[in-house]
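Engineer: Just need the structure, nothing else, for what follows:
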Amino acid sequence: MGAARSTAAVRTALALVAVAAAVVVGSGGAAAAGSINAKHFFWAPGQSPTGTVASITNDIIYHGGNAGPGAIGIQKTPAVYLIYWGTEWANGFTTADTNGKLYSSKTLQNYLNTFMANLGGSPWAAVQTQYCRNVPAGTTSCAGIPGADYVTNPKHQLKGVWTDPTPVPDDIVTLGLAENLIDDPLAQEAIRASAHFQYDPNATYIIMTPPRPIATGQPAYCGYHTQTTSIDGLGNPYRIEYSFIPWQNTDWVAVGCGEHNVNATSTSFGNGIFDSWSIVVGHEYSEAVTDPDNFFAVQDGWNDDQTSENADKCAWIETQNITLGGHQFAVQPTWSNEAFDAGKDGCAVSR
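Structural biologist: Predicted structure coming up:
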């Protein structure tokens with residue numbers, strides 16, 4: 001993968017993120033993007049700027065679940081929609097492994113669809129069921145608190161897959177890490193996806209873009225999750241949790257987001273070449289479940305004193321294969337207050 005950006009470039013980009021987070025876009029119905037909220041980025045190995053560095057010496061804390069109208073605190077019944085956005089996905093393409101062998105976009109889609117179709121009900125997803133809402137801000141354990149409303153782990157959390165053939169704009173991210181300051185095309189795509197499927201406040205709409213440049217300078221991150229806030233036709237908040245996963249298998253994505261991170265040799269199913277996709281998508285999914293609200297840069301779910309979320313704290317630590325639906329998938333652990341408080345490793349892959 002390509003060389004890392006300089007520290008100065010990352011700092012400049014972060015400053016632009018802060019500017020973008022303060023911008024509000026007027027909303028004029030369910031199809032218009034609302035306030036542009038700050039993104040919670042997942043960084044490549046060795047690239048975490050100050051403030052998002054993983055910390056494995058303290059618990060994550062509940063922050064009240066009350067950041068503005070429509071806040072939900074946690075996704076009690078998680079659901080996922082996968083959106084493959086762009087004409088390239090619709091037409092099909094190939095991507096080369098490190099040894100030159102070509103893999104089709106259909107193989108990647110099958111790999112990722114199978115991963116998400118079997119994640120619900122798994123021991124890996126069970127780690128997040130210790131977290132809850134309807135407890136006081138500052139809570140680190142929901143155990144024994146009357147009225148605690150826990151994250152659940154149902155099977156079949158993947159509710160839909162959509163290949164949206166509409167073209168992806170050439171610059172969907174501008175000025176380094178800052179989103180477009182007038183209309184955020186990714187937020188708008190999330191809103192279109194919620195209209196295509198259904199509006200579900202407990203769902204994460206995960207958007208993948210095709211293998212071509214998406215902006216000058218390219219992303220300096222592996223993915224992010226956030227929330228767009230719009231107003232429906234009745235004047236009610238229309239908050240959508242969504243995640244953006246830029247193309248992973250090209251050197252413009254920072255210094256590498258996990259290709260062959262777990263599996264040195266690729267299989268026909270996609271293990272190895274597509275390790276990053278399950279690592280990064282799993283990371284963003286779990287953070288959206290436990291810390292979904294992002295209202296004017298306030299995240300009111302579960303994160304620690306440094307704002308690191310459950311997957312941030314275990315990023316690039318103890319990555320490994322787990323078995324789902326008869327296939328192996330590369331994943332990272334996520335943070336368990338329960339395990340850490342019991343004197344065990346806080347980065348867990350099962351509960």
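
Engineer: what about the residue nearest to the spatial centre of the chain, which SS state?
Structural biologist: Residue closest to the average C-alpha location in the chain (CA atoms, centre = their mean): Glu284, at 2.3 Å. Three-state assignment for Glu284 (DSSP: H, G, I helix; E, B strand; the rest coil): helix.

Engineer: check contacts around it.
Structural biologist: Glu284 makes contact with Phe42, Thr204, Ile206, Gly223, Tyr224, His225, Ser243, Ile245, Ala311 under the criterion CB atoms under 8 Å, 6 or more residues apart in numbering. Bear in mind the C-beta positions are built from the backbone N, C-alpha and C, glycine included.

Engineer: mind checking pLDDT for it?
Structural biologist: Looking at Glu284, its pLDDT stands at 97.

Engineer: between the contacts of Glu284, which has the most around it?
Structural biologist: Among these, Ala311 has the most neighbours (other CB atoms under 10 Å), with 30 neighbours.

Engineer: Who are the contact partners of it?
Structural biologist: Phe42, Gly282, His283, Glu284, Ser286, Glu287, Gln332, Thr334, Trp335.

Engineer: Next, give phi and psi for it.
Structural biologist: Backbone torsions for Ala311, taken as degrees, to the nearest 10, come to phi -80, psi -30.

Engineer: repeat for the one 4 residues further on
Structural biologist: The phi and psi torsions at Ala315 (degrees, to the nearest 10) take the values phi -60, psi 130.

Engineer: Could you report the distance from it to Thr57?
Structural biologist: Distance of Ala315 to Thr57, computed by CB to CB, to the nearest Å: 15 Å.

Engineer: Which of these two has more residues huddled nearby?
Structural biologist: More crowded of Ala315 and Thr57, by other CB under 10 Å: Ala315, with 25 against 8.

Engineer: hang on, isn't that one packed against Gln332?
Structural biologist: Yes - with contact defined as CB atoms under 8 Å, Ala315 reaches Gln332; the gap is 6.3 Å.

Engineer: Quick one: residues contacting the nearest residue to Tyr62 once chain neighbours are set aside.
Structural biologist: The spatially closest residue to Tyr62, leaving aside those adjacent along the chain, is Thr139, at 4.4 Å (CB to CB, 6 or more residues apart in numbering). Residues near Thr139 by CB under 8 Å, 6+ apart: Ile61, Tyr62, Ile145.

Engineer: Selection in PyMOL covering whichever of these are buried, please.
Structural biologist: Selection of buried members from the contacts of Thr139 for PyMOL, criterion 16 or more other CB atoms under 10 Å:
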select buried, resi 61+62
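
Engineer: In a markdown table: the contacts of Thr139, plus secondary structure, pLDDT and distance to Arg239.
Structural biologist: Listed next are the contacts of Thr139 as a markdown table, based on DSSP: H, G, I helix; E, B strand; the rest coil; pLDDT from 0 to 100; distance: CB to CB, whole Å:
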| residue | secondary structure | pLDDT | distance to Arg239 |
| --- | --- | --- | --- |
| Ile61 | strand | 97 | 22 |
| Tyr62 | strand | 98 | 19 |
| Ile145 | coil | 98 | 26 |
